[in-house]
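Participant: From the sequence below, what's the structure:
(4 chains)
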Protein chains: 2
Amino acid sequence: MTNLGYALLGLLAREAQSGYDLAQSMKMPVGFFWQANHSQIYPELARLQAEELVTHQVVEQHDRPNKKIYTITEAGLEILKKWLISPVDGVPVRDELVLKAYYLWLVDPARSVALFEQQAHRHRQQLAQYEKILREGKAATEGKPPTLNHPFFGGYLTLMRGIGYEREYAGWCEWVVEQLKLAMPDRPAE
Amino acid sequence: MTNLGYALLGLLAREAQSGYDLAQSMKMPVGFFWQANHSQIYPELARLQAEELVTHQVVEQHDRPNKKIYTITEAGLEILKKWLISPVDGVPVRDELVLKAYYLWLVDPARSVALFEQQAHRHRQQLAQYEKILREGKAATEGKPPTLNHPFFGGYLTLMRGIGYEREYAGWCEWVVEQLKLAMPDRPAE
DNA sequence: ATTCTATATGTCAATAGTTACATAGGGTTG
DNA sequence: CAACCCTATGTAACTATTGACATATAGAAT
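Facilitator: A predicted model of the protein is given here:
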């Protein structure tokens, strides 16, 4: 079983839905920490069905193409729960920006500044998006953090991770810019 | 050109070396943010040579197998420098632990606690390793941060990123454990 | 009118990365 | 004396992921 398979099972554990719906979820909330597009999802659903972890029924539609609504099976729920508490091994980081930072000494610092300013901006924006989602979620639950056993609990945990991650990343980019400006001999900061 | 290709060029820009040496570097300092093992490196070196970004000369050895020392060419250095200041697009995060956190509500919180405690420990350890390397690096340069244009500058930047990353990650894991314990109805914390 | 977007499901080719297989001499540990 | 580790270079099979191709209808925008 792949992580994508578990991601799909997890979504189906909340609500039976179509491959198309799953693809939408893999764009927006889940996509913040695990992405997949439909070309990966449809074959994976077929595999899950072959292993009897999901079933589907065709829903005929008049104005739109027919769809297959997938439902998680008892066996699917069982294997999902087992995975959820199984240990996670090494999350090897692969970060192109950090790789570039490592070799920075080879190029004109003034050129690098633009790169890191742009990345700082990107991460600040992502941070703002996460914070907005959190505010909206809090408004919906009257400011209280969501209780365990409720599906939104996971959303709350992962949002906090996203916020911490982006804040750290943006901060580092800005710090790199500072370091570069300090180290630049001619044309002092601004 | 792949990121791995640039990673290898960057290492060769510091010092001409063999594929085996490059594989070692891809384990240790570079491996903190970009990994590759020898089965990927040897074919990549062949490709770099086919594009005339590197050359090699065979060094015959008596007690050990002969080796090929690779040297970066002018063209290689040029393309590397161009890449170093080129914009980085989306670094999509794929994190199994965060994925599991999202679906946490499905399982007994007491079981999840173990998972996050283990991960907190892992990231605390990684953090300690980075801090140790930084201390040793600082000792070698008499406490002063390294100057730009010096190869260690990149190491300094990336170490700071690693430290920030691991500290944030460990902190989040510990916070999740807290949240889980607070949310557990029976068997109150410890 | 035409183009674009949304719904809906699929296949196919290419790339990147992991793991195992393969060879081979020298040194170390049990 | 056997089993492993280090040096050193390669190949082969497999898996995961991306991007493009393919089809089809309805509605909205240009």
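
Participant: Determine the set of other helices and strands touching the helix or strand containing residue A:126.
Facilitator: Assessed by DSSP states H and E, residue A:126 sits inside helix A:109-140. Judged by 3 or more CB pairs under 8 Å, 6 or more residues apart in numbering or on different chains; DSSP states H and E, helix A:109-140 is in contact with helix A:96-102, helix A:152-183. Bear in mind the C-beta positions are built from the backbone N, C-alpha and C, glycine included.

Participant: what distance separates the last one from the middle of the whole chain?
Facilitator: Average the C-alpha atoms of helix A:152-183, do the same for its chain, and the two points are 15 Å apart (CA atoms, centre = their mean, to the nearest Å).

Participant: Can you confirm whether it lies near chain B?
Facilitator: Yes: using CB under 8 Å from any CB of the partner chain, we find that helix A:152-183 touches chain B at A:153-155, A:157-158, A:160-161, A:164-165, A:167-169, A:171-172, A:175-176, A:179-180, A:183.

Participant: State the mean pLDDT of that helix.
Facilitator: What helix A:152-183 shows for mean pLDDT is 96.

Participant: How about stretch A:67-80?
Facilitator: The pLDDT scores in stretch A:67-80 average 98.

Participant: re earlier: restrict the residues of helix A:152-183 next to chain B to those near DNA strand D?
Facilitator: When CB under 7 Å from any atom of the strand is taken as the criterion, no member of the residues of helix A:152-183 next to chain B contacts DNA strand D.

Participant: Filter these down to the buried ones, ChimeraX style.
Facilitator: Typed into ChimeraX, the line below selects the buried ones among the residues of helix A:152-183 next to chain B, using 16 or more other CB atoms under 10 Å in any protein chain shown:
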select /A:153,154,155,157,158,160,161,164,165,167,168,169,171,172,175,176,179,180,183
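
Participant: Send me stretch A:28-36 as CSV with only the CA atoms.
Facilitator: Extracted in CSV, the C-alpha atoms of stretch A:28-36 (Å, rounded to 0.1, in the frame of the first residue of the first chain):
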residue,chain,number,x,y,z
MET,A,28,-6.9,21.8,-1.6
PRO,A,29,-6.9,20.8,2.0
VAL,A,30,-4.8,17.6,1.6
GLY,A,31,-2.7,19.0,-1.1
PHE,A,32,-1.0,21.2,1.5
PHE,A,33,1.0,18.1,2.6
TRP,A,34,0.3,15.4,0.0
GLN,A,35,-0.5,16.0,-3.7
ALA,A,36,-1.8,13.8,-6.4
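
Participant: in that stretch, what's buried?
Facilitator: Buried residues in stretch A:28-36 (16+ other CB under 10 Å): A:29-36.
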